[in-house]
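*Asks:* 3D, please:
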Amino acid sequence: MVLHGKVVPAGDDLPAPDAPREYLTSEAAALIYDGVAENTRTTYRRAWTQFESWCEQYGFSPLPCGELTLANYVASMVIAGLAPATIDQAIACILSRHELAHQPKPNTKAARHALRGYKRRLLDDGWRQRKAPPILPEQLQAMVAALPRTVAGMRDQFMLVVG
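*Replies:* The predicted model follows:
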């Protein structure tokens, strides 16, 4: 297995004397991978590919990217008319990719201000963020009834009823 550009032992292999003192076994890597939902991986993969393409088109470095690169990217998404939630998701994806690559994360202050300005413009034009309708008592009862009678199910039942 290759981690941070170094070959590291996988599975039950013992590390070589010159191996890094900290490494991931294949089991740990699989668990970490499974810790992120497939939809999130798909969404982040798409968002990262779009960001890389944009960077290539305009001559910016995607990794690491700077504060102004991120602000310019947000501005390009605003011009394209993307939803604020989509832009927020793209920012989160870019920060996550930097973290995973052990690269310094770009400062998001300018990008967040640009997004905030976009939201203000939308609000001035009468846009409202769509809110999910509240669940009805019958729906809550059906959800609670569908939960398994386990400790985790009881926890989830409590969270549904109290939350």
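*Asks:* list the buried residues in stretch 147-162.
*Replies:* 156, 157 (16 or more other C-beta atoms under 10 Å). (Glycine included, C-beta is placed from N, CA and C.)
*Asks:* so what touches it?
*Replies:* Outside of stretch 147-162, the residues within contact range by C-beta atoms under 8 Å, 6 or more residues apart in numbering are 140, 143, 144.
*Asks:* rerun at 10 Å
*Replies:* Applying C-beta atoms under 10 Å, 6 or more residues apart in numbering, the external contacts of stretch 147-162 come out as 135, 140, 141, 143, 144, 145, 146, 163.
*Asks:* please apply the same query to stretch 109-124.
*Replies:* For stretch 109-124, the surrounding residues in contact (C-beta under 10 Å, 6+ apart) are 66-75, 77-79, 81-84, 87-88, 90-91, 94, 108, 127-129.
*Asks:* 6 Å - rerun?
*Replies:* With contact meaning C-beta atoms under 6 Å, 6 or more residues apart in numbering, stretch 109-124 is reached by 67, 70, 71, 74, 75, 78, 84, 87, 91.
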